[in-house]
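>>> got a predicted model here, sequence first, then my questions.
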Amino acid sequence: MELTLKNVSYSYNPDAPEPVYAVRDVSLTIRSGDFAALIGHTGSGKSTLIQFMNGLLKPTEGQVLFNGEDIFEKKYPLKTLRQKVGLVFQYPEHQLFEETVLKDICFGPKNMGLSKEEQEERARHAMKLVGLAESYEDKSPFELSGGEKRRVAIAGVLAMKPECLILDEPTAGLDPAGRDDILGTVRALSDEEGIAVVLVSHSMEDVAVYAERLFVMKKGELLYDDTPKAVFRHYKELEQIGLSAPQVTYIAHALREKGFDVSEDAMTVAELKQEILRVLGK
Ligand SMILES: Nc1ncnc2c1ncn2[C@@H]1O[C@H](COP(=O)(O)OP(=O)(O)O)[C@@H](O)[C@H]1O
Ligand SMILES: [Mg+2]
């Protein structure tokens with residue numbers, strides 16, 4: 001799987017005398033096995049950008065290629081693409097509507113024209129992937145907790161067996177435990193099922209330690225596309241756009257300014273501890 005945005009731009013008012021661009025000249029590629037985060041301040045164009053990826057929104061300029069094919073060419077099977085590139089919207093629980101969890105998760109597979117048996121088999125598998133016990137099948141989605149509802153919504157997209165899963169601010173509104181749960185689940189999906197993942201977030205602290213690659217947006221433009229370590233070296237620039245590096249980065253830099261030769265690349269408390277012990281010769 002290879003999904004490419006090629007010089008895409010988007011304006012919500014292209015015909016205005018002075019159109020405003022929500023996305024401007026962004027190019028990037030996502031491949032099978034990628035675990036990426038798309039980060040930027042509110043309004044930087046993240047939600048607009050990800051809607052190009054499954055053809056929900058057509059860029060005003062530029063191209064979207066899936067396995068090398070332009071998805072906005074006539075006759076391109078967009079319906080199939082939307083199964084392969086699964087998009088989980090922000091607050092997806094608002095879109096749950098069936099009477100039971102199982103029926104809700106079957107909705108996508110049903111639309112794909114699968115038999116009832118196949119639908120339920122896929123739904124049950126998806127429930128397992130997101131850690132929902134069988135006892136949830138017959139519950140009403142409305143009696144679940146916030147985190148559980150979100151799992152149901154994610155399972156609904158997974159039941160279509162996507163090759164790429166894009167989640168728009170999946171941790172918004174969850175408490176820290178719920179947040180770690182969801183991120184851990186998504187990480188496992190990537191590791192165990194090989195699904196390419198793009199996590200959208202406005203908080204670096206949230207996703208940075210989970211992602212292997214960061215796309216950083218600034219006012220509609222792609223500012224960085226690199227590993228978290230490389231991106232955090234720009235922690236001063238990140239601050240200017242309302243983002244920050246993990247706390248550990250700041251401590252590492254403060255220590256370096258005091259003359260301790262710790263690596264600036266430590267990203268977790270454990271890594272920094274190692275570095276400090278190393279520098280102290282312990
Ligand atoms: N439906 C819309 N109509 C007009 N402007 C919009 C619409 N959706 C988003 N925008 C504008 O486009 C820019 C990017 O928004 P968005 O993609 O939602 O950013 P993010 O997801 O990073 O918060 C913002 O300035 C926002 O106000
Ligand atoms: Mg958004």
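Okay, I see it. Ligands and ions are numbered 1, 2, ... in the order given.
>>> wait, doesn't Thr48 sit right on Ser11?
No. Using Cβ atoms under 8 Å, Thr48 is not in contact with Ser11; the gap is 9.7 Å. Yep, even glycine has a C-beta here, placed from its N, CA and C like the rest.
>>> list the residues that contact both of these two?
Residues touching both Thr48 and Ser11 by Cβ atoms under 8 Å, 6 or more residues apart in numbering: Ala22.
>>> ok so Ala22 is a helix residue?
No. Checked against DSSP: H, G, I helix; E, B strand; the rest coil, Ala22 lies outside a helix; its state is strand.
>>> which bits of the protein sit near ligand 1?
Applying Cβ under 6 Å from any ligand atom, one finds that the chain approaches ligand 1 through Tyr12, Ala22, Gly40, Thr42, Gly43, Ser44, Gly45, Lys46, Ser47, Thr48.
>>> avg pLDDT for the helix or strand the last one falls within?
If I follow you right, that is Thr48. According to DSSP states H and E, Thr48 maps onto helix 46-53. The average of the pLDDT scores along helix 46-53 is 98.
>>> spell out the residue ranges of the strands in this protein.
Secondary structure of the chain, counting by DSSP state E: strands at 2-11, 21-31, 35-40, 61-66, 69-70, 85-88, 164-168, 196-201, 213-218, 221-226.
>>> JSON lines for those, including mean pLDDT?
Shown next, in JSON lines, are the strands of the chain (pLDDT from 0 to 100):
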{"stretch": "strand 2-11", "mean pLDDT": "98"}
{"stretch": "strand 21-31", "mean pLDDT": "98"}
{"stretch": "strand 35-40", "mean pLDDT": "96"}
{"stretch": "strand 61-66", "mean pLDDT": "98"}
{"stretch": "strand 69-70", "mean pLDDT": "98"}
{"stretch": "strand 85-88", "mean pLDDT": "97"}
{"stretch": "strand 164-168", "mean pLDDT": "97"}
{"stretch": "strand 196-201", "mean pLDDT": "96"}
{"stretch": "strand 213-218", "mean pLDDT": "96"}
{"stretch": "strand 221-226", "mean pLDDT": "98"}
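>>> give me the contacts around the helix holding Thr48.
Identification of contacts with helix 46-53 by Cβ under 8 Å, 6+ apart yields 3, 5, 8, 10, 22-23, 26, 30, 38-40, 57-59, 64, 85, 87, 90, 164, 166, 168, 198, 200, 202, 217.
>>> go with 6 Å
3, 8, 10, 22-23, 38, 40, 57, 59, 64, 85, 166, 168, 200, 217 (Cβ atoms under 6 Å, 6 or more residues apart in numbering).
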